[in-house]
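[1] Attaching a predicted model along with its sequence, questions to come.
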Amino acid sequence: MGVLPATLKIARVRNPLKSISVRLWYMEAIASLRKAHILLIGMMGAGKTTIGQILADQLKRPYIDSDRQVMQATGKSVAEIFKEEGEAAFRRQERIALQEAVKVFPPAIISVAGGAVLDESNRRILEQAGKVVFLRASLDTLADRLGTGEGRPLLNAGGTENDEEAEREKVKDTLAALLEVRMPLYLEIADVVVDVDGLGEEEVAEKVKRALTEEVEVKLAGRSYKVCIGPGASSYIKDLLPPEAKKVAVVTSENILEKTAIDLDVIDLEKKIIYIEEGEKSKSLSNIEYLCSVFAQFHLSRHDVVLAVGGGVITDLAGFAAASYHRGTPFINVATSLLAQIDAAIGGKTGVNIKEGKNLVGAFWQPVGVICDTEHLFSLPEAEWYSGLGEMVKYGFLGVRNLDSSSLFEQIYNCVQLKAGIVKSDERESELRMLLNYGHTMAHALEAAGFAENEEVGIVPSGRSLRHGEAVAIGIVFAALLAYGMGRIDEKKVERHIELIRHYGLPYLLPEKAEASDLVEFMKRDKKAAGSLTFILDGPNGVEVVKNVSEQTVKETIEYMAVADFLDTFVSKSHNMV
């Protein structure tokens, strides 16, 4: 039985995060969410350079062309390298260019040289670097675009200077031979294939964005809605609007609208933009009254729509206002933070805070659609990343496998898919949906105790106060220690909890001024409590609701977590921090 160690050290646990630069930890968290580049592969003439530049402009990403990288590095054109040093020398430079390109942050649009896929090491780099898009053009299209192959070393037919038609035929034959070798390799590593024949440049760019957008359907009794996930998914907003809507009330903040640069002009409805300040203080009943008053002055009807553009605060607030106005008005969530995309914007839980606790006043009111445009995440400040990562960690114990080794796209998609399945089975949070609150009992207690606002807490990298996801991270470690002390899980399982929290550079120690008695009192007010201390805990059958937990056991676990160096007990030497 996993009894907590009896001998507690007097000295407080050293906080490893304080000894590491803030920037290093931030970048480490981002690096663990690799595979966020968009890499265009395909034959010469498929349009990789042109389409790449268009996508970079539209998605506000850096743009990299590997051929241009080679030319800048060597001071020679591709043709000159082939002529003077041979194809092997070019391929070496090509590999170096690709290795450097995938190190760029923020994630970029990368046009990859057509022959890069011939090298197996390049193919492995591409697979680990992001979403690989194969721009597939037919032989006839390629031959038509490339003509006589001028400036293309591999297509240099030669010997028929006065017979252009013969040169074109030779180029076409060469292209056919190249396609025979490369086509299987393109298809092997491509995440999506986009056929470009007969399409204009803008059409291809739009097709790429559509191809990169995944959809998850949240199926409910008698109704359902889509969650659109991917780079540029904001273009789907107009597709989600209720057909009978004539007006849209956009609830957002000036900062969010400026950073995301969402084009609201694509919405062909009468619009009213309502700005709300960011931060938990905005989740108030007074702001619900304010929003509903503006809706009424705008003559918004129950057939119109509310568009919430922002993170969890905005989606919670606007959703509750929509649920209250006319006893229910359709709304759409455009989630711009990681926390909102994987959690807050999906499932219909809306609400505000009162002085007695978080989210104690609200309603279940499902959106008619959700947009998770992953491009919005790259403008998030460090604190917002940590907040979202804390929420993401819980999914690693609820059924999402290989969370810390999959790509950013995959992590968001898998988290949304898991939540959609839970909401389908338990829309009103009778018990199954309560599992999504893993780590939240302690998190809400820390927030209610003031550690989300207290600037003296100083246990996170920058010394600022806790964000919600960071409080959840601490809560997950606490839940693991509590489950261990109750004999529900073994040391290895506790170690995995701490390992995943540390992988994302999240805090795992209680604030120095946290008092067990105070935290327990706040835990008693938790919505799950229902007359006794209730927690979401891991166990032999996975994470589940556990009622009637002893108050003494909870206090002992808090005290142990506050003063004992539990890392020495539960973390193997091979996983020690840097």
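    That came through, no problem.
[2] Please count neighbours and contacts with C-alpha atoms only from this point.
    Noted.
[3] In what element of secondary structure is the closest residue to Ser517 other than its chain neighbours found?
    Nearest residue to Ser517 in three dimensions, chain neighbours excluded: Lys555, at 7.1 Å (CA to CA, 6 or more residues apart in numbering). Taking DSSP states H and E as the definition, Lys555 sits inside helix 551-563.
[4] Let me see the mean pLDDT of that helix.
    Mean per-residue pLDDT for helix 551-563: 92.
[5] Show residues contacting the helix or strand that comes right after that helix.
    Per DSSP H and E, the first helix or strand lying C-terminal to helix 551-563 is helix 566-570. Here helix 566-570 makes contact (CA atoms under 8 Å, 6 or more residues apart in numbering) with 491-492, 494-495.
[6] check contacts around Lys547.
    529, 532-535.
[7] Pick the one among the residues you listed closest to Lys76.
    Minimum distance to Lys76 across those is 64.9 Å, recorded for Phe535 (CA to CA).
[8] For burial, what's the neighbour tally of the nearest residue to the closest one once chain neighbours are set aside?
    Among residues not flanking Phe535 along the chain, Val546 sits closest, at 5.3 Å (CA to CA, 6+ apart). Using other CA atoms under 10 Å as the criterion, Val546 is surrounded by 15 other residues.
[9] Please tell me how far Val546 sits from Ala445.
    Remark: distance between Val546 and Ala445 (CA to CA, to the nearest Å) = 18 Å.
[10] re earlier: considering the contacts of Lys547, which is situated nearest to Leu435?
    After measuring the contacts of Lys547 against Leu435 - CA to CA - the closest member comes out as Phe535, at 9.3 Å.
[11] if we can go back for a sec, just the contacts of helix 566-570: which are in helices?
    Counting by DSSP state H, those place 491-492, 494-495 in helices.
[12] mind pulling up the phi and psi values for Gly390?
    phi -60, psi -40 (degrees, to the nearest 10).
[13] same check, this time on Gly369
    Per-residue torsions, Gly369: phi 180, psi 160 (degrees, to the nearest 10).
[14] Contact partners for it?
    The contact partners of Gly369, by CA under 8 Å, 6+ apart, come to 225-227, 240, 331-333.
[15] Would you mind measuring from the residue nearest to Ala46 when sequence neighbours are not counted to Arg123?
    Closest residue in space to Ala46, ignoring its immediate chain neighbours: Ala137 at 5.7 Å, by CA to CA, 6+ apart. Distance, Ala137 to Arg123, using CA to CA: 20 Å.
[16] can you confirm Glu217 is in a strand?
    Yes - counting by DSSP: H, G, I helix; E, B strand; the rest coil, Glu217 is located in a strand.
[17] give me the number of residues near the residue lying closest to it once chain neighbours are set aside?
    In space, and not counting its chain neighbours, Glu217 is closest to Lys226: 4.6 Å by CA to CA, 6+ apart. Residues lying near Lys226 (other CA under 10 Å) number 19.
[18] what do you get for Cys228?
    Neighbours of Cys228 (other CA under 10 Å): 27.
[19] hang on, the earlier thing: my guess is the residue nearest to Ala46 meets Val193, correct?
    No - Ala137 is beyond contact range of Val193, at 10.3 Å (criterion: CA atoms under 8 Å).
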